[in-house]
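Student: I would like the atomic coordinates for the input below:
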Amino acid sequence: MPLEEVLAAVPELHDAQSVEPLTGGLTNTNYKVTSPAGCYVVRISGKDTSLLAIDRENEVHNTIAAAETGVGAPFVAALPEHDALVLGYLDGEVMDAGKLRRGDRRIARKAEHGEPALVARGQRQRHAHGAERRKLLVDDRAGASEFGLQAGLFTNDMRVVDAAFDRLEVGGLMVNDVSTFRVDHMPYGGVKESGNTREGPAYAVRELTEERLIVIQT
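Tutor: From the prediction side, this is the model:
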């Protein structure tokens with residue numbers, strides 16, 4: 001069984017005290033594994049996920065990068081021979097309408113002026129200049145990419161939204177959703193190495209339409 005082989009191959013998972021299935025996935029099987037070393041998530045890819053053309057090597061590279069920058073779960077191991085990925089388990093909250101309306105924010109006090117400022121929970125730089133720092137992160141990290149399909153931004157601060165929309169070279173900015181969100185009636189497409197056209201029925205028709213002109217003088 002692949003799970004047993006993964007448990008045996010990864011030192012952090014040895015002497016597992018509990019293995020709990022994590023429900024909700026569509027294409028993969030996920031488990032929460034608790035061992036003396038800590039809590040971990042084991043993801044085993046589904047049988048036919050290769051049909052989705054997912055670059056697993058690139059996925060591992062991005063997972064490690066996300067972990068190193070503090071925006072992803074800790075990377076533990078990748079086992080391509082078992083189609084498995086092992087990450088650190090992160091405790092979280094189940095979101096509901098009340099939490100979404102509240103924005104899940106906390107108040108931080110500016111040390112130099114004693115003025116309150118709203119700072120997003122979980123932000124690595126926990127200082128008073130939350131909005132300004134987030135603008136810098138938009139410039140330094142996302143703007144340097146050679147690609148520009150869409151970007152996802154999670155914030156309740158419209159100043160951050162405005163700054164991101166002004167600075168990011170992307171075809172679309174998804175606020176409080178993942179960058180892969182799309183519906184057919186929106187102009188879906190990117191800039192730079194991500195293309196120069198737009199998908200969606202209306203936009204596809206326009207892209208494939210050759211405009212011609214006739215002028216008649218009488």
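
Student: helix, strand or coil for Asn30?
Tutor: What DSSP: H, G, I helix; E, B strand; the rest coil gives for Asn30 is strand.

Student: didn't it look like it was pressed against Glu20?
Tutor: No: counting by C-beta atoms under 8 Å, Asn30 sits too far from Glu20 to count as a contact (9.6 Å). To be clear about C-beta, it is placed using only N, CA and C from the backbone, and glycine gets the same treatment.

Student: Which one of those two is surrounded by more residues?
Tutor: Asn30 (16 against 11; other C-beta atoms under 10 Å).

Student: residues contacting the more buried one?
Tutor: Contact analysis of Asn30 by C-beta atoms under 8 Å, 6 or more residues apart in numbering lists Pro21, Leu22, Gly24, Val41, Val42, Arg43, Ile44.

Student: Near the closest residue to the first one other than its chain neighbours, how many residues? Count them for me, please.
Tutor: Across the structure, with C-beta to C-beta, 6 or more residues apart in numbering as the measure, the residue nearest Pro21 apart from its sequence neighbours is Tyr31 (5.8 Å). Residues within reach of Tyr31, counting by other C-beta under 10 Å, total 21.

Student: got the contact list for Tyr31?
Tutor: Per C-beta under 8 Å, 6+ apart, neighbours of Tyr31: Leu3, Val19, Glu20, Pro21, Leu22, Val41, Val42, Ile44.

Student: Just flag the most distant two among those.
Tutor: Glu20 and Ile44 (14.2 Å; C-beta to C-beta).
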